[in-house]
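Trainee: fold the following for me, if possible:
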Amino acid sequence: MRAHLPLRLIRTTAFAAVCVLLAALAHWLSGGARPEPWALTAGVLAVFASAAALSGRERSPAQVACLLVAAQLGLHELFGGDGTGYVAAHLHGQGLGEALGMLTAHLTATLLTGWWLARGESALWALLRRLARRLLFPRPAPAPAAARPLAPVVRARAVPPDPALRHSLARRGPPLPA
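Mentor: Purely as a prediction, here's the structure:
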């Protein structure tokens, strides 16, 4: 199933917003300065352009996570702002334990966000498939219920009783309570 322009723009906007906000928040909370407005704008435009090119069809969770990791690395480099790049400066300026801790925290946040976006992606496509089936193949309207025919009246011929059983009484039925 291919996505047309309005759907592509909605999906691209959601991906770019989550991706850039996650990168800016992670950069700020990990001890960096808040990203400059020009860097945020450039990041949104870059992620939006690349996501618009890739949003024509449904992506698997692995593809969404890989695209998000690549976008996060690019945004971290962009938010460095001093020319050396954020990842390069932090990996060389800190001890190995701190650098691995920061990398693990950013990667975990990125993978969780990728999982969240992939779940939203699959839910959106499932909804679109259901709508397409319902619009393209509508269920026929149920036929009006016809009036039920009356039960036929059966007339049975009475069988004359046997003269030997004339004084006997048949009591078939459940037992009486004690």
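Trainee: gap between the residue nearest in space to the middle of the chain and residue 58?
Mentor: Centroid-nearest residue in the chain, with C-alpha atoms, centre = their mean: residue 123, separated by 2.6 Å. Distance of residue 123 to residue 58, computed by C-beta to C-beta, to the nearest Å: 11 Å. In short, each C-beta sits where N, CA and C put it, glycine included.
Trainee: please enumerate the shared neighbours of the two.
Mentor: Counting by C-beta atoms under 8 Å, 6 or more residues apart in numbering, no residue touches both residue 123 and residue 58.
Trainee: buried residues in the one helix or strand residue 26 maps to, which are they?
Mentor: Per DSSP states H and E: residue 26 is located in helix 5-29. Neighbour counts over helix 5-29 (16 or more other C-beta atoms under 10 Å) mark 8, 11-12, 14-16, 18-20, 22-24, 26-27 as buried.
Trainee: mind listing what's buried along stretch 65-72?
Mentor: Quick answer for stretch 65-72 (16+ other C-beta under 10 Å): 65, 67-69, 71-72.
Trainee: could these be laid out in CSV, adding pLDDT and secondary structure?
Mentor: CSV is the format used below for the buried residues of stretch 65-72 (pLDDT from 0 to 100; DSSP: H, G, I helix; E, B strand; the rest coil):
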residue, pLDDT, secondary structure
65, 80, helix
67, 81, helix
68, 80, helix
69, 81, helix
71, 80, helix
72, 77, helix
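Trainee: now for the helix holding residue 26, which elements pack on it?
Mentor: helix 37-54, helix 61-80, helix 96-136 (3 or more C-beta pairs under 8 Å, 6 or more residues apart in numbering; DSSP states H and E).
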